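Undergrad: output the structure for:
(chains A and B)
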There are 2 protein chains.
Amino acid sequence: MKCVHLQVVSDEVVERVDAARNRALLLNSAAALIAERGVDCVSIDAVAAKAGVGKGTVFRRFGSRSGLMHALLNRFEEELQEGFLFGPAPLGPGAPPSERIVAFGVARLEFIRDHGDILREAESSVGTRYASSYSVYVMHVAMLLRQAQVHGDYRLLADSLLASLDASLVLYQKRDLQIPLIRIVENWRTFVLHLTSE
Amino acid sequence: MKCVHLQVVSDEVVERVDAARNRALLLNSAAALIAERGVDCVSIDAVAAKAGVGKGTVFRRFGSRSGLMHALLNRFEEELQEGFLFGPAPLGPGAPPSERIVAFGVARLEFIRDHGDILREAESSVGTRYASSYSVYVMHVAMLLRQAQVHGDYRLLADSLLASLDASLVLYQKRDLQIPLIRIVENWRTFVLHLTSE
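TA: You can find the predicted model right below:
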């Protein structure tokens, strides 16, 4: 009986390790294809072929193309969060709060440059636009505004600052208005320093 | 010949007056129904019935339900523009620039309170989000930032300020977070004064 039980656990462990490896493989394949062709030209079929698995495996792991895109975005978001929560200053702890807000925005703008189309797909649905990662950003920026002793309503000031980093807005500035990223970064810096300086 | 020509003009004039009257009647009917039931429950059929015309007339004038909503939004936007371009201070000319920016945002927040659902329908499509009325707002706010002698890139600072008045964001704050409009207005005031004061 004990033996059978152990056998079951062992099978489950193997299965979980396989699932995690499959998941990572599929996400890497999707990321590589998006970098190569742009998000609009990446199908589930192409991701499955690139990863060397069946189409059914992709659907089993992610439910849909949209589920795959969300999983991919989450992985990128986790890397960004890792950076501002635990990484080196000025993005991570150790720098003055206003510099950390500037560094956060710069990281976010680079994130939009690199993953803009996936983000826009996600933000176009209001339900996901203010999803879990947005709440983490609000908490982070609100905490830094408090540390910087900015006068005001930290929660709403954080919303107002983050609105300026909205993917649709930044992509509109970059693509429609042809404004170079460096000018958008410079504006973010000015904007934050106006808000945080006495 | 002259007489026939005059007759044609006269018919055209009558037709144009009729068209304008019909258009206004349909927009008023749509506005009344939306105020009564909410935008999601207003169909073309209901608007036609309320205005006492056939469904075909609505489609001829506006092309689709979405065309009708855009026409309605445009009418409301024109009223707002009228207010900040030519109306009394502090929204219109005559007040210090920072007060005019504050008044503009307050008017816009009240606009979102009153027409939020129609706006969200329009903003959900990126193509219309940064459409003609957005450009007018950017020009207005950029001009006031220049007058206030704020240091920075007026065009992009205007985008950053206006992002805080995005309909999706404000509706998320009001509905999902249950934040009262007065607190959102107060945050806007603080935000603008941080930016415009030396």
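Undergrad: just the buried residues of stretch A:41-50, please?
TA: A:42, A:44, A:47-48, A:50 (16 or more other CB atoms under 10 Å in any protein chain shown). (Glycine included, C-beta is placed from N, CA and C.)
Undergrad: apart from its chain neighbours, what residue comes closest to A:Asn74?
TA: A:Ser133 (7.5 Å; CB to CB, 6 or more residues apart in numbering or on different chains).
Undergrad: now that neighbour. Its backbone dihedrals?
TA: phi -70, psi -30 (degrees, to the nearest 10).
Undergrad: contact partners for it?
TA: Contact analysis of A:Ser133 by CB atoms under 8 Å, 6 or more residues apart in numbering or on different chains lists A:74, A:77, A:81.
Undergrad: do the same with A:Leu165
TA: A:105, A:108-109, A:112, A:188.
Undergrad: quick check: domain ranges of chain A?
TA: Domain segmentation of chain A under automatic domain parsing yields A:1-63, A:64-198.
Undergrad: buried deepest among those, which one?
TA: Among those, domain A:64-198 has the highest mean neighbour count (mean count of other CB atoms under 10 Å in any protein chain shown), at a mean of 18.
Undergrad: close to chain B: what parts of chain A are there?
TA: Counting by CB under 8 Å from any CB of the partner chain, the residues of chain A close to chain B are A:120, A:124, A:126, A:129-130, A:150-153, A:156-157, A:159-160, A:163-164, A:166, A:168-169, A:172-173, A:176, A:179, A:183-184, A:186-188, A:190-191, A:194-195.
Undergrad: list the contacts for A:Gly63?
TA: By CB under 8 Å, 6+ apart, A:Gly63 has no neighbours at all.
Undergrad: my bad, should have said A:Tyr154
TA: Applying CB under 8 Å, 6+ apart, the residues near A:Tyr154 are A:142-143, A:145-146.
Undergrad: go again with 6 Å.
TA: A:142, A:145-146 (CB atoms under 6 Å, 6 or more residues apart in numbering or on different chains).
Undergrad: in TSV, list those along with secondary structure and pLDDT.
TA: Listed next are those as TSV, based on DSSP: H, G, I helix; E, B strand; the rest coil; pLDDT from 0 to 100:
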residue	secondary structure	pLDDT
A:Ala142	helix	97
A:Leu145	helix	97
A:Arg146	helix	96
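Undergrad: lowest-scoring secondary structure element of chain A by mean pLDDT?
TA: Using mean pLDDT, DSSP states H and E, helix A:126-129 stands out as the lowest-scoring helix or strand of chain A, at a mean of 59.
Undergrad: residue nearest the centroid of chain A?
TA: A:Glu77 (2.5 Å; CA atoms, centre = their mean).
Undergrad: all strands of chain A, in order?
TA: For chain A, applying DSSP state E gives no strands.
Undergrad: quick one: the nearest residue to A:Ala32 once chain neighbours are set aside from B:Ser197, how far?
TA: In space, and not counting its chain neighbours, A:Ala32 is closest to A:Lys50: 6.8 Å by CB to CB, 6+ apart. To B:Ser197, A:Lys50 is 54 Å away according to CB to CB, to the nearest Å.
Undergrad: just A:Asp18 next, same as before
TA: Distance from A:Asp18 to B:Ser197, by CB to CB: 60 Å.
Undergrad: so what's A:Gly67 scoring on pLDDT?
TA: In this prediction, A:Gly67 carries a pLDDT score of 83.
Undergrad: show me the contacts for A:Ala103.
TA: A:90-91.
Undergrad: go again with 8 Å.
TA: Taking CB under 8 Å, 6+ apart as the test, what A:Ala103 contacts is A:84, A:90-91, A:95.
Undergrad: just the ones in helices from those, please.
TA: Those of the contacts of A:Ala103 mapping onto helices are A:Phe84, per DSSP state H.
Undergrad: which strands and helices sit next to whichever helix in chain A runs longest?
TA: Taking DSSP H as the criterion, chain A has its longest helix at helix A:2-37. The contact analysis (3 or more CB pairs under 8 Å, 6 or more residues apart in numbering or on different chains; DSSP states H and E) places helix A:2-37 against helix A:44-51, helix A:55-62, helix A:65-86.
Undergrad: distance check, the nearest residue to A:Leu85 once chain neighbours are set aside against A:Leu72.
TA: Spatially, and ignoring its direct neighbours in sequence, A:Leu85 is nearest to A:Gly92 (7.0 Å; CB to CB, 6+ apart). Computed as CB to CB, the A:Gly92 to A:Leu72 distance reads 24 Å.
Undergrad: before we move on, back to that, tell me the mean pLDDT over the longest helix of chain A?
TA: Rounded mean pLDDT across helix A:2-37 is 77.
Undergrad: so how far is that helix from its chain's centroid?
TA: Averaging C-alpha positions (CA atoms, centre = their mean, to the nearest Å) puts helix A:2-37 22 Å from its chain's average.
Undergrad: stretch A:160-172 too?
TA: That offset, for stretch A:160-172, works out to 14 Å (CA atoms, centre = their mean).
Undergrad: what's the straight distance from one end of that stretch to the other?
TA: 18 Å (CA to CA, to the nearest Å).
Undergrad: just to revisit the earlier point, need the contact list for the residue nearest to the centre of chain A.
TA: Per CB under 8 Å, 6+ apart, neighbours of A:Glu77: A:Ser133.
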